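Undergrad: Task: produce atomic coordinates for the following.
(chains A and B)
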Amino acid sequence: MIEFTLWDILRNLLLAARWTIVLSLVSFIGGGVVGAILLFMRIGGSSLLRAFTRYYVELFQGTPLLMQLFLAFFGLGLFGIDVPAWFAAGLALILWTAAFLTEIWRGCVESITRGQWEASASLGMGYVQQMRYVILPQALRVAIPPTVGFSVQVVKGTALTSIIGFVELSKAGTVVTNATFQPFIVYGLVALIYFALCWPLSKSSQILERKLNVAHRNH
Amino acid sequence: MSLIEITEVRKSFGPNEVLKGINIDVAPGEVIAVIGKSGSGKSTLLRCINGLETIDSGSISVAGAQLLPDEAHLKALRLKVGMIFQQFNLFPHLTAGGNVMLSQMVVKKTPKPEAEAVARRMLERVGLAQKFDAYPDELSGGQQQRVAIARALAMQPTALLCDEVTSALDPELVAEVLAVVRELAAEGMTLLMVTHEMKFARDVCSRVVFMHEGRVHEIGPPEDVFAKPGTPELKQFLGMQ
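TA: Numbers count the residues shown, from 1 in each chain, chains lettered A, B, ... in the order given. As a prediction, this is how the structure comes out:
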């Protein structure tokens, strides 16, 4: 029987953690772009677009991410499309992230008081100008802490993709456990790596929240 | 020739009719105080004039710009008539100078150096030249309201709507804002102001409009309206019974 050193285990986990990071970045950035498009459909679009985004958000918030992954992986397969695990994982996570970010950002835009809309309208600005110069700059400041905070959920969400066979940190943990028969050590390390990824994010979210609040009160 | 023409304006919120056929013509340079109890429709009337509220029937025009619900007409109207709010509504992410510059650059496409020059001139006019780089939350309420006035003036409107501009201010700050408004009136700016400052209305205004239950109940020069109120409602409002 082969002996595995702690370094062997850790090295393999860290190599797989790269894919967790890549998948997190892809989901977060892709979800951000899709989320921004959905946001404008949600707050500025026609009633049809509004309804579409509302149902979209409700659907993705109201079903488990795991089911969404299964549907992306097996569902597209039903149409004869051969879906690799990385594609299904990326697609499902992007759509899931977009739904949550849209909702977070909508709240931020709506938190800007009606007076800001009225004052800018009274000065002759049109909707796009109001958005660009008055509403979004303020909403952005409000949005940064919860958005960074949500990125933690995205990182942890990538763990679920192990179930459809995408080899990231969690899947690597299972593989390594099967080879070493040391589940406690392996999953302990897996958890530590997740923590090392997530903790700085939640911490910076807290710091940003404090900082931007102070900036808002007293520049 | 009237500058502001308000003709048979009606407005309902749901089943509640708040404006029941308003007719007011305002000549250039007139200063009009709109008084009345809360719920009498005076703020709604003001907000209709620059299209912040839609009207159900009737018509409003300011210096030839007609109130119509599409964006191009609204913009044309709003370039003619500025508005100042009870809550100031300065843009908190911009400095005082930035507040006064923004709409010039965005709406009128004024080049930045020129917009800045105008902003400095307007802030000086309201006595805040030294606050160009201050953010709104570094200013007192009275100063914020003066910046808001400068911001409206920078668009060179032909008339200004003032919606209870001193009601959110501490008593000691009211005077500085009223002094600016008084100066504007003296310079010939057409003003339509909803106010609770009766003494100011008496001193500065050319006409006073008393609104009651969605109608213009009495209208006339302040000497008449305040000294010889013709209706029991106005007497009661002025506390003369």
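Undergrad: Against which helices or strands is the lengthiest helix in chain A packed?
TA: Across chain A, the longest stretch assigned as helix under DSSP state H is helix A:6-44. With contacts defined as 3 or more Cβ pairs under 8 Å, 6 or more residues apart in numbering or on different chains; DSSP states H and E, helix A:6-44 has these neighbours: helix A:47-62, helix A:85-110, helix A:136-157, helix A:169-180, helix A:183-218. Bear in mind the C-beta positions are built from the backbone N, C-alpha and C, glycine included.
Undergrad: how about the last one: buried residues?
TA: Neighbour-count burial for helix A:183-218, counted by 16 or more other Cβ atoms under 10 Å in any protein chain shown, picks out A:185-187, A:189-190, A:193-194, A:197-198, A:201, A:204-205, A:208-209, A:212.
Undergrad: Please state the offset of it from the chain centre?
TA: How far helix A:183-218 lies from its chain's middle: 14 Å, per Cα atoms, centre = their mean, to the nearest Å.
Undergrad: thinking again about what came up before, now do the longest helix of chain A, average pLDDT.
TA: Helix A:6-44 shows a mean pLDDT of 93 in the predicted model.
Undergrad: tell me which parts of chain B are close to chain A?
TA: Within chain B, the positions adjacent to chain A are B:50-52, B:71, B:74-75, B:78-79, B:82-83, B:85, B:87, B:89-93, B:102-103, B:106-108, B:135, B:137-138, B:148, B:151-152, B:155 by Cβ under 8 Å from any Cβ of the partner chain.
Undergrad: I'd like the distance between A:G44 and chain B.
TA: Going from A:G44 to chain B by Cβ to the nearest Cβ, to the nearest Å gives 13 Å.
Undergrad: looking at chain A, which helix or strand is least sure?
TA: Every helix and strand of chain A was ranked by mean pLDDT, DSSP states H and E. The lowest is helix A:76-78, at a mean of 83.
Undergrad: count of residues packed around the closest residue to A:Q61 other than its chain neighbours?
TA: Nearest residue to A:Q61 in three dimensions, chain neighbours excluded: A:A99, at 5.8 Å (Cβ to Cβ, 6 or more residues apart in numbering or on different chains). Neighbourhood size, A:A99 [other Cβ atoms under 10 Å in any protein chain shown]: 23.
Undergrad: and A:A99, what is it in contact with?
TA: Applying Cβ atoms under 8 Å, 6 or more residues apart in numbering or on different chains to A:A99 gives the contacts A:G35, A:L38, A:Y56, A:V57, A:L59, A:F60, A:Q61.
Undergrad: residue ranges with poor pLDDT in chain A?
TA: Applying pLDDT under 70 to chain A flags the ranges A:1, A:214-219.
Undergrad: Write out the residues of it neighbouring chain B.
TA: Residues of chain A lying close to chain B by Cβ under 8 Å from any Cβ are A:113, A:115-116, A:118-127, A:129, A:133-134, A:137-138, A:141, A:216-219.
Undergrad: Narrow the residues you listed to those that are buried.
TA: Buried, going by 16+ other Cβ under 10 Å: A:116, A:118-126, A:129, A:133-134, A:138, A:141, out of the residues of chain A next to chain B.
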